[in-house]
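> Build me a model:
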Amino acid sequence: MHRYEVQILRSLKEGPKSFWKLLDEQDEHIKGFVERLKALLEAGVVEYSDGKFSLTPLGEERAASLLPRKDVRCPHCQGGYTFSVFSEAFALYHRLVEGRPLPNLDYDQGFMTESDVFSRVAFLYERGDLEGQDILILGDDDLLSLALASTGLPRSITVLEVDRRIVEFITRRSQEHNLGITALEYNAASPYPLKEHAFSVFITDPVESEKGLRITLSRGAQALKRGGALYFGLTTIESSWHKWYNVERMLLEMGFVVTDILRRFSAYPDSDNHFDEEFYDRTMMRRLMDVEFPLPADADWFRSSFIRCEAVEEPRPLVVGEVVFDTDFYLDEETMATPKFV
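Numbering: from 1, shown residues only. The predicted model follows:
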């Protein structure tokens, strides 16, 4: 039995589950997951009723050797990290983000929980990538810049962001609290606008099309010095292991080595982002199954891993100059949870 099928069957052996719960409790990319779930339905192993999937008698027989799913992750920390040492900074950040702009679906925005943002801060601190560092953030709907600045530890923080609302919000908060953040309006499809190889840390949560990943990570290669740290988020929801393989090849070609992967490190809740029918109607995943799923989602199903890389030589971008900014920048056959343009 394939491990992805094991993940689904043991989840259902625990009891009936929604689509969102099942999606969150396995790690195949969403297109493969839906195809596998459809096959189980067609084979009579799984049934769907009243918004939930459950095992049929045939499914119970097939899952007889499996234990019901057990939660083995620590409920008290985020991937082994605590940000209690930054409690004052966290309290300031909580105040700073009040009134933040809600996601613009045209830019594939969605922000993580405040606690997950500070778990990233704690990780950067542990790795020596916070104190006295020159940090560049490409895309900051998470408002990570405000969290980093709240600690008072970086030497400089620069934000490149396509959404003018976010640029203006960060600039206003920075001026109000003397945080010293520089925020500039910038589309990653445009030529890199700053001095190359001038930053020690680069952080981004890229779109997950292969084109978008190649461009975004290349901007990081243009920004970083030799020995600099590149941080980015990547999911298994919208990226198959083959895409992960291609991303690793890109990183190696650009002169980076992967030093850390923190699995399922960041969550993007529907409730915080006000994701509703409009959001789901603009995604391909809504049309993959032949049944309607109840909304709002009852699980924080969109989670990303946080990856740290280090430049072992002067980084070599795979993309320089301007590129075409079209639907391929955001969408490929695996980005089923990304809203389409309207």
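
> okay, now Ala89: neighbour count?
For Ala89, the neighbour count with other CB atoms under 10 Å is 20. Placement of C-beta: from N, CA and C, glycine included.

> give me phi/psi at it?
phi -60, psi -40 (degrees, to the nearest 10).

> Apart from its chain neighbours, what residue comes closest to it?
The shortest distance from Ala89 to any non-neighbouring residue, by CB to CB, 6 or more residues apart in numbering, is to Ser150 (3.9 Å).

> In a helix, the one you found, correct?
Yes: checked against DSSP: H, G, I helix; E, B strand; the rest coil, Ser150 lies within a helix.

> Tell me the spacing between Leu288 and Lys31.
7 Å (CB to CB, to the nearest Å).

> More neighbours: those two, which one.
Lys31 (18 against 15).

> What residues does the residue nearest to Ala89 make contact with?
Contact analysis of Ser150 by CB atoms under 8 Å, 6 or more residues apart in numbering lists 86, 89-90, 92-93, 96, 179.

> still on that earlier bit, need the overlap of contacts for Leu288 and Lys31.
With CB under 8 Å, 6+ apart, Leu288 and Lys31 have common neighbours Met336.

> how does this protein divide up, domain by domain?
3-62, 84-330 (automatic domain parsing).

> Okay, buried residues for stretch 323-337 please.
323, 329-332, 334-337 (16 or more other CB atoms under 10 Å).

> ignore the last one, stretch 124-133
Those would be 124-125, 129-130, 133, for stretch 124-133 by 16+ other CB under 10 Å.

> now for the residues you listed, which pair is the farthest apart?
Spatial extent of these (CB to CB) is set by the pair Tyr125 and Gln133 at 10.3 Å.

> Just the mean pLDDT for stretch 38-53, thanks.
Stretch 38-53 shows a mean pLDDT of 95.

> got the buried residues for it?
40-41, 45-48, 52-53.

> can you check stretch 245-252 too?
247, 250-251.

> how about those residues in CSV, adding secondary structure, distance to Leu184 and pLDDT?
CSV is the format used below for the buried residues of stretch 245-252 (DSSP: H, G, I helix; E, B strand; the rest coil; distance: CB to CB, whole Å; pLDDT from 0 to 100):
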residue, secondary structure, distance to Leu184, pLDDT
Val247, helix, 26, 98
Met250, helix, 25, 98
Leu251, helix, 26, 98
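
> Which one of those is nearest to Ser156?
For these, the nearest to Ser156 is Leu251 (25.0 Å; CB to CB).

> who touches that closest one in this structure?
Leu251 neighbours (CB under 8 Å, 6+ apart): 217, 230, 257-258, 309.

> now it: how far from His197?
17 Å.

> next one: Tyr330
28 Å.

> now do Tyr48
54 Å.

> Which parts of the stretch 51-200 of the chain are helices?
Remark: helices assigned in the stretch 51-200 of the chain by DSSP state H, counting those that start in this stretch are 57-62, 87-96, 114-126, 144-151, 164-177.

> Give the buried residues for stretch 152-165.
Here stretch 152-165 shows 153-154, 156-163 as buried, counting by 16+ other CB under 10 Å.

> Make a markdown table from the helices of the stretch 51-200 of the chain and add distance to Gln26 to it.
Below are the helices of the stretch 51-200 of the chain laid out as a markdown table (distance: least, CB to CB, whole Å):
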| stretch | distance to Gln26 |
| --- | --- |
| helix 57-62 | 16 |
| helix 87-96 | 32 |
| helix 114-126 | 21 |
| helix 144-151 | 28 |
| helix 164-177 | 33 |
